[in-house]
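Student: structure for this input, please:
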Amino acid sequence: MAHVLVTGASGFLAQHLILQLLASGHSVRGTLRSMKRADEVRSVLAKFDPRAKDIAFVEADLSSDAGWDDAVLNCDFVQHVASPFPATHPKDEMELIRPARDGALRVLKAAKAAGVKRVVMTSSMAAIAYGHGDDRAEVSDETMWSNPDGPDNTPYTKSKTVAERAAWDYVNGEGQGLELVTINPTGIMGPALSADVSTSLEIPIRLLNGKTPGLPRLGFSFVDVRDVAECHVKAMEIPEAAGERFLATEGFLWFSEAAAILRKAFPAYDKKIPKRNLPDWVLKMMAKFQPVYQQTVTELGRTRKASNAKASRVLGVKFRTAEEALIASARSLIDLKVV
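Tutor: Numbering: from 1, shown residues only. Predicted coordinates:
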């Protein structure tokens, strides 16, 4: 049994990760930006594993030094999952970049000082496949890096690239001796554990709630949250994972394909799920008035595919299909009465 800190414990991925760590016999501590949420998070998790009711939490924020030394105290491993992931563009991109980068360094420095063996950090495909415009690779892998100064970036993609670069620079320099592994997921789908749903489930929500006027020429690579959580656990436990990056991904789906999958799986929602295509100019117009669409305009007509070969080979993860992940998302949203 290892003692593991999970940062951002109220998040979608972090909660699935906590459940898998408990199931694997590990002891878990979590961080929260506010202790006011501690009982709520314990309650959600305890519905799936009664051991969760005994989880201890520490208040710690990515933008402050306070709390991090206490958070990592006596921990063998740190799972650094916390990172800002907004539904809309911030007015200033540094509102995202600064806490992502500085927060990662705070966690790493506290872990190093406390004698933590290894940090597993949640990065993103955003740190691999962006900023190269039409020169991007047809299928991305872990050897590639996004160019934060290039085209087709958003504040979010920049924040993930800058934060991961800073993390590797730290462990290869001042923090030498601390092991680091990064997990780089694509769009995370899968079952929500509560009605306090993640920004990453915005796509199935909008397809099911009848508020999307049509199907934009957009597509995304998806992965199931349960498989991303498993990647984190295996990256912590497997010695050979140290010093490596792992893409967590399964398949690419266009909006039109996702809509067809949901329509077939949930015929009661047939009238709400859009059927007609949405012209590019309409989405661009909507983005001017509805901030939620701003981050998607640069993706019109683009395919971004990635390989999970390394995670499958080294970590032994058998990924669920993108279709399974999407259906699991939708089923949970319906059961929780989110849609």
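
Student: if the residue nearest to W168 when sequence neighbours are not counted is in a bridge, with which residues?
Tutor: Distances taken as Cβ to Cβ, 6 or more residues apart in numbering put L180 closest to W168, at 6.8 Å, once the chain neighbours are dropped. Where you see a C-beta, it was placed from the backbone N, CA and C, and this is true even at glycine. Applying DSSP bridges to L180 gives these bridge partners: V119.

Student: you'd agree G67 is up against G30?
Tutor: No. Using Cβ atoms under 8 Å as the test, G67 is too far from G30 to be in contact (11.7 Å).

Student: mutual contacts of the two, please.
Tutor: Common contact partners of G67 and G30 (Cβ atoms under 8 Å, 6 or more residues apart in numbering): V58.

Student: would you map the strands across the chain?
Tutor: Per DSSP state E, the chain has strands spanning 3-6, 27-32, 56-59, 77-80, 118-122, 139-140, 179-185, 187-189, 219-224, 245-248, 251-254, 305-306. These are given in chain order.

Student: for L336, find the nearest of these.
Tutor: Counting by Cβ to Cβ, L336 lies closest to strand 187-189 out of those; the figure is 14.8 Å.

Student: parallel or antiparallel, list what pairs with that closest one.
Tutor: Applying DSSP bridges, one finds strand 187-189 paired with strand 219-224 (parallel).

Student: give me the distance from stretch 310-320 to the chain's centre.
Tutor: With Cα atoms, centre = their mean, to the nearest Å as the basis, stretch 310-320 stands 17 Å off its chain's centre.

Student: can you tell me the distance between the two ends of it?
Tutor: Length of stretch 310-320, first residue to last, Cα to Cα, to the nearest Å: 16 Å.

Student: what residues of it count as buried?
Tutor: Residues 311, 314-315, 317, 319-320 are the ones in stretch 310-320 that count as buried (16 or more other Cβ atoms under 10 Å).

Student: tabulate those residues in a markdown table, adding columns for pLDDT and distance to I273.
Tutor: Below are the buried residues of stretch 310-320 laid out as a markdown table (pLDDT from 0 to 100; distance: Cβ to Cβ, whole Å):
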| residue | pLDDT | distance to I273 |
| --- | --- | --- |
| A311 | 98 | 32 |
| V314 | 98 | 38 |
| L315 | 98 | 35 |
| V317 | 98 | 31 |
| F319 | 98 | 25 |
| R320 | 98 | 22 |
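
Student: which two in the residues you listed are spaced the farthest apart?
Tutor: V314 and R320 (18.5 Å).

Student: now render the strands of the chain as TSV, adding mean neighbour count.
Tutor: Converted to TSV, these look like this (neighbours: other Cβ atoms under 10 Å):
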stretch	mean neighbour count
strand 3-6	24
strand 27-32	24
strand 56-59	17
strand 77-80	28
strand 118-122	26
strand 139-140	20
strand 179-185	25
strand 187-189	27
strand 219-224	25
strand 245-248	27
strand 251-254	20
strand 305-306	21
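
Student: nearest to I205, out of those strands?
Tutor: That would be strand 187-189 among the strands of the chain, by Cβ to Cβ, at 11.3 Å.

Student: and that closest one, average pLDDT?
Tutor: Averaged over strand 187-189, pLDDT sits at 97.

Student: cool, and stretch 59-67?
Tutor: 96.

Student: repeat for stretch 32-45
Tutor: Mean predicted confidence for stretch 32-45 is 97.

Student: list the contacts of that stretch.
Tutor: So stretch 32-45 is contacted by 9-10, 15, 18-19, 30, 52-53, 55, 57-61, 193-194 (Cβ under 8 Å, 6+ apart).

Student: done for today, thanks.
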